[in-house]
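Novice: One predicted model, sequence on top.
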Amino acid sequence: MANHLFLPLVSLMIGAALAVLFGRQRWLARGIVVGSVLFHLVYSLRLLWVVAEHGRQVSQAGGWLAPFGITFVADGASAIMLAVASLLTLMTVLYSFASLDEGYERYFYYPLLLLLLLGVSGAFMTGDLFNLYVWFEVLLLASFGLITLGGTRAQLEGGLKYVVLNLFGSIAFLIGCGLVYGVVGTLNMAHIAERMQTIQQPGIMTAIACVFLFAFGSKAAILPLFFWLPTSYHTPPVAVTAIFSGLLTKVGAYSLYRLLGTVMQNELIHLAPWILTIAWLTMLVGVFGAMAQMNVRRILSFHIVSQIGYSVMGLGLASSLGLAAGLLFTAHVMIVKTALFFIGGAAEQIYGTGDIKKMGGLARREPALAIFWFLGIISLAGLPPMSGFFGKLALLQAGVTQGAWLVTSVATLTGILTLFSMLKIWNEVFWKKSYADVSKLPRVSPGLLLPGALLVIVSLALGLGASVLVDYTTVAGMQLFDQAGYIQSVCGLDGCEAVFQTAIR
Amino acid sequence: MLLWIVLFALVTSPLGLLGRRTPRPLIGWGLAVLPLSLFVLLALQIPLIASGGRLDEAVPWVPAMGLELRFSLDGLGMLFALIITGIGTLIVGYAGAYMANDAGLGRFLVYMFLFMGAMLGVVLAGNILTMFVFWELTSITSYLLIGYKHDYPDARRGAQQSLLITGIGGLALLLGLLILAAAAQQVGVSVADSYRFDALIAAGEQIRQTALYAPAVALIFLGCFTKSAQFPFHFWLPGAMQAPTPASAFLHSATMVKAGIYLLARLSPALGETLLWNGTLVAVGGFTFVFGSIVAFRQYDIKALLAYTTLSMLGGLVMMIGLGGKYGAEALVTGILAHALYKSSLFMVAGIIDHEAGTRDLNKLGALRRYMPITMVVTAIALLSQMGIPILMGFVSKEWMLKAALESSLPDPWPLVALIAIVIGAVGYIIAAWRLFRNAFLGEPSPTVQTHHLVDPKWSMLLSPAVPSALSLILPLGLLPAVSSLLSPAASAVYGAPFTFELYLYRGVNTALLISLGAIALGVLFATQQQRLAAHKIIASIDGAVVFDKLIEGLLAFATGMTRMIQSGRLRTYLLYIVLVFMLFVGTPFVAYGLDDIRFVLDENLRFYEVVVTALIPIAVIATIAARSRLGAIIALGVAGAMVALIFVLFSAPDLALTQLLIEVLSTVFLLFVFSVLPSRFASLSPAWVRWRDAFIATVFGVMMAMLVLATSSNTDFPSLAPWFLANSLSEGKGTNVVNVILVDFRGFDTLGEIVVLFVAVLGIYGLLRFRRVKPDVRTSGRDAQTIMPGEDPVLAGNGASPSAEHQVSAGVEPQRLRKSITEKDANDV
């Protein structure tokens, strides 16, 4: 029993409450926020180690037996996601200190950020289908609060679309929960997985799996469901866009991994060709969208969609190898994407616009910013020695090994298109001579530069020292795909049904 | 040691920043010690390599992916590494003098050193993935070098084109290498070994039998042809002449463009000896050879002329790999050496002329012999070598190329094709070389030349082209045995088995010599007519760069159109898409697999009032839609809600019914509040067909959901958890109200989460209502023609943005909360 799994959740709740209470004492509130995110980061790094040493960590809320209460499970995938999420939140907090005006602080920006992390963390660790829904609600509302905070017209416009389209996904999720409960009579993921093995009518389960594919797919912004993302992501302050890009769609991808990869594995194998089709379509359409844009954050937003295609490819390969590669890629892209939003956002902030036609001359004016941006884009495009190369290499290796030629080819092609559209920003914003007088622009403060730079350095380190992350995700992928092991970890060696039968007697 | 050589080159690259200081020529030559030391270190290994030995070392990097830092030094690697470090030394010194007045030299040298390290990595790597890592690094660093003068649009364009072309090739190559490794694994090579060059070469025979061989080779070709500027991917090379001349001299004569040649040569023992391999290489290489040499002599820009002769020669080298056999291997390595020497010298001379006269345009030069005699001699030797005039290195190289074609064991017509290509190429080279020499150094001085005060440059600049030029003369005259002993192991690596050969200048009259002399005579004949030839449109100029730009434009137009279509900006449209997608995602598998699961069971206990209550719900919904006034609509909606509450009562869930009623009352009150500011009657904004379409979709959607529920509820194979909750509620949870115990105890964590949700909602709404950003950190960019997504603006136009958004918040929270509690109780209530 690993009751420490509740620590990161409870600590964030307390942190958020305290930050609201002491919101008027600016520095105290900042201290509380940084403290609770730091605690979360330290905890999740420890969790990484604990999971590596001792395998899955399981805890039952309130001490109720597994299929009856709510279970929390942390395996390799959860631990990686948790660690990356808290790292990104920490950087976002630092970036926000440097970039946001005071009003945000007074109107609960930081508590909302902590609650967003809470929702994300809960989703990464829960082992209960309905509880997962609850965490999705937390993160949806927190993100809606963040996206509209500031109340400019564009934000409200984007926020409205964001919340309406996301609610539809949430409703589908809820419907899915109901349908699953209707068929297998339980909500515990391990128990669902176990009962599904002996189900009489597998046909309906395929439809239900598709409900979840739709629900999480719309959260993850896969091909025909990504409208909400590019339409809203460029409206809030840069810091908000950055953390959204790092966390939101990735929770959707993670949930797909968890639910289809672990719980509904047979359905995943059944649906794999379709999922791969979605994957390559998402890659292409996303990158085409990015190519068509002329605004820094819009370009980056469409890239989020494109990269989700890679994560979905890992899922669609329907093997522990594929899931491991997908996890590796997802962890990498979370870091790099957020870094690019920070750096591009810093450029936008000193220019006062994100229209790349109007920008220019930053390579000479801000060489440090330029260096980190360049490293960031080669990482995003999947070029060595950055982490992006290894993420893509893992996916391609898995694709080649399994003979998934089409998706592998498209994944390769998308790399060069990504590079092309990122070079557009590089050419226009950094290399091109500015039409305006650059010397009058404000300088990039260290606070704006540092968070992005640190994340790029992390990406470089994960590239040069890729072996650590690759080995970890390989194990995590195997854990994720190991359904029997998951059930045994949650309910004991005899499985959940045995526990259920004993208890019911 | 090899790992340290590569690392040394990469790690010492920041030292290049010293170039920001003056005196730059001194610093340049000072920094040239870095590559020189590597050159010496490598040269010390020559005896070992010449005696047939090799160096191997490996450090694990990412073992799970088969990626290890494996480096090996054999003859081929040695040849390339010596060229890279040797010419690199000269270039770094030259760059210091060439860019003496440019503070950017620091940045430039950093890129150069990084590039040099990457290039060494490519030629020393013993693992295909490691090789690929450095391969991509050369693309990236060369991008930075080509775009060095990034204030100019042409430089940016040239840089981008070269990176995109080599990038596409690079990715194809990666895929090809992975497939190659997969093929090796198929024939029984272990996963760890399948990424090693030596293992691949050893298993070459079997790999060629697999079905994966052809796609692997095709993709590897794509990678090598783009990198080595083979037709039709050649056009980035002339564009890359935007790079500062020292970079062109290094990258585009001696190193980067040869990476493709290197890889083909390296893999040829593994993949060669098939018609696919040899035929393609001879065809593509031969065509590029001829094409480049013909286009070359029509150029006016010296660097462009050199660029085309370079890509022509690259074609020649590719052709040699294609011809195969011992002679092919010999001709290849000799050609590489000869070309590296004369071409780097010529590029540097071009830089000197540009530097001194301020132009590289052949029409604006002339009579430089009077002002720059030493430069003229250096140029003349290099050009003679390029022409393949006897006793120079270029002559030896051409002899061996002809031999390779004559002795080739390929089926007809490939040897003949190669022979013709060599002859045409040789003639073209002579014309091009003569044209360069004549227009620059002979004739009458042009106005440009007269206005400049022209002299030979200082030795700090002249030394660099002089050394390779002199070597082109000295090597064949005195050192051919030494050269042969260096080249023999290199040729062995290409051939796949150890052998030795000896270069010579003259050993009696033979066919190759006769053809060679004939080509020279023909060339001289044409060269006298060079002005007229250059003016003629011999072949329509195929400007690949323009085609490529058009391609990119087309792609962009396609992307823009597609995105505009998908991302319409209208929320209504998005919702429509989403509902349709749901039907596609869920409906398709349901119809395909799940329909059989629906079972209609007539419930014998069905009561009349149950039917009435249930039937009233759809009626009320239709009434809501059909109502003309807002008040009518809300009353009808209230009926639907009340009926749902009644159903809860009928199925003994009083607490759910209470919640439902409460929500109904609350939302009615809310709506009435909002109605006070809205007109009392609905306006009809959508055309009739849209309404009917939407009604149809909604009906289908509703029926589908009903069927889904029916299908699941008729398939309850498993006992639910509910009895356990009933049994344990009092004993374990100390409560008689099971629902309460479930909410606060059994599933208390859900409830905690929901409390947080409410907390978040309060924070969010409060902030939204009270806080307005004073100045946005980033202005929303203007939506000019380029920024797409039309229709985003007008969505909320005219109906005030904030009220609807606030409404959305309340509407967003309540139904969720409501639905949640319904499902939860559905789940737990018996």
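Specialist: Happy to help now that I have it. A quick note: this is a predicted structure, and the numbers were derived from the prediction, not measured.

Novice: Kindly report the residues of the stretch 1-150 of chain A close to chain B.
Specialist: Contact residues (CB under 8 Å from any CB of the partner chain) of the stretch 1-150 of chain A with chain B: A:13, A:16, A:20, A:61-62, A:64, A:67-70, A:99-101, A:103-104, A:106-109, A:111-112, A:115, A:118, A:122, A:130-131, A:133-135, A:137-138, A:141-142, A:144-146, A:148-150. Heads up, the C-betas are built off the backbone N, CA and C, glycines and all.

Novice: Give the burial count for the nearest residue to B:Leu15 once chain neighbours are set aside, as a bare number.
Specialist: In space, and not counting its chain neighbours, B:Leu15 is closest to B:Leu31: 6.4 Å by CB to CB, 6 or more residues apart in numbering or on different chains. When counting by other CB atoms under 10 Å in any protein chain shown, one arrives at 24 neighbours for B:Leu31.

Novice: Now chain B against chain A: closest residue?
Specialist: In chain B, the residue found nearest to chain A is B:Gly764; the distance is 2.7 Å by CB to the nearest CB.

Novice: count of neighbours near that residue?
Specialist: Here the neighbour count serves as a burial measure; for B:Gly764 (other CB under 10 Å) it reads 27.

Novice: mind checking which helix or strand the residue lying closest to A:Leu441 once chain neighbours are set aside is in?
Specialist: For A:Leu441, the nearest residue in space outside its immediate sequence neighbours is A:Ile350; the separation is 5.1 Å by CB to CB, 6+ apart. Using DSSP states H and E, A:Ile350 sits in helix A:320-351.

Novice: after that helix, next one along is what?
Specialist: For helix A:320-351, the succeeding helix or strand toward the C-terminus, using DSSP H and E, is helix A:362-365.

Novice: Show me the residue at the heart of chain A, geometrically.
Specialist: Nearest to the mean C-alpha position of chain A, counting by CA atoms, centre = their mean, stands A:Lys250 at 2.3 Å.

Novice: go on, chain B?
Specialist: Residue closest to the mean C-alpha point of chain B, counted by CA atoms, centre = their mean, is B:Gly167 at 3.8 Å.

Novice: quick one: that one and B:Ser139 touch, right?
Specialist: Yes: counting by CB atoms under 8 Å, B:Gly167 does reach B:Ser139; the two are 6.1 Å apart.

Novice: Quick one: distance of the helix or strand that B:Leu237 is a member of to the chain centre.
Specialist: Under the assignment given by DSSP H and E, the secondary-structure element containing B:Leu237 is helix B:236-239. Relative to its chain's centre, helix B:236-239 lies at 18 Å (CA atoms, centre = their mean, to the nearest Å).

Novice: Now do that helix, average pLDDT.
Specialist: The predicted model assigns helix B:236-239 a mean pLDDT of 84.

Novice: Just after it, pick out the following helix or strand.
Specialist: helix B:245-249.

Novice: C-terminal to that following helix, what's the next element?
Specialist: Proceeding C-terminally, helix B:245-249 gives way to helix B:258-271 as the next helix or strand, assigned by DSSP H and E.

Novice: Next, give phi and psi for B:Ala58.
Specialist: Listed backbone geometry of B:Ala58 is phi -150, psi 140, with angles given as degrees, to the nearest 10.

Novice: so which strand or helix has the residue lying closest to it once chain neighbours are set aside?
Specialist: Take B:Ala58 and drop its neighbours on the chain: the residue closest to it by CB to CB, 6+ apart is B:Arg70, 4.1 Å away. With elements delineated by DSSP H and E, B:Arg70 resides in strand B:67-73, which encompasses its position.

Novice: which parts of the helix or strand of chain A with the lowest mean pLDDT are buried?
Specialist: Among the helices and strands of chain A, helix A:102-106 carries the lowest confidence by mean pLDDT, DSSP states H and E, at a mean of 83. With burial defined by 16 or more other CB atoms under 10 Å in any protein chain shown, the residues of helix A:102-106 counted as buried are A:Gly103, A:Tyr104, A:Glu105.

Novice: so what's the last one up against?
Specialist: Think A:Glu105. Taking CB atoms under 8 Å, 6 or more residues apart in numbering or on different chains as the contact definition, A:Glu105 lies against A:Gly23, A:Arg26, A:Ala29, A:Arg30.

Novice: Which one (most neighbours) among those residues?
Specialist: Each of these was scored by neighbour count (other CB under 10 Å); the top score is that of A:Ala29, with 21 neighbours.

Novice: does that residue really touch A:Gly15, like I thought?
Specialist: No: contact status for A:Ala29 versus A:Gly15: not in contact, 10.2 Å apart, counting by CB under 8 Å.

Novice: If you count contacts, what does the host helix or strand of A:Gly399 end up packed against?
Specialist: Taking DSSP H and E as the criterion, A:Gly399 maps to helix A:387-401. Using 3 or more CB pairs under 8 Å, 6 or more residues apart in numbering or on different chains; DSSP states H and E, the elements in contact with helix A:387-401 are helix A:296-316, helix A:320-351, helix A:367-380, helix A:405-425, helix A:446-464, helix A:466-481, helix B:128-146, helix B:153-186.

Novice: What are the contacting residues of the strand holding B:Arg70?
Specialist: A:393, A:466, B:2-3, B:6, B:42, B:45, B:49, B:54-62, B:81, B:124-127, B:129-130, B:133, B:195-198.

Novice: Run the angle between it and helix A:387-401 for me.
Specialist: In this structure, strand B:67-73 runs at an angle of 90 degrees to helix A:387-401, with axes from the mean of the first three to the mean of the last three CA atoms, to 10 degrees as the basis.

Novice: count of neighbours near the residue of the stretch 1-150 of chain A found nearest chain B?
Specialist: Nearest residue of the stretch 1-150 of chain A to chain B, counting by CB to the nearest CB: A:Gly145, 2.7 Å away. Using other CB under 10 Å as the criterion, A:Gly145 is surrounded by 29 other residues.

Novice: repeat for B:Phe347
Specialist: B:Phe347 is flanked by 30 other residues according to other CB under 10 Å.
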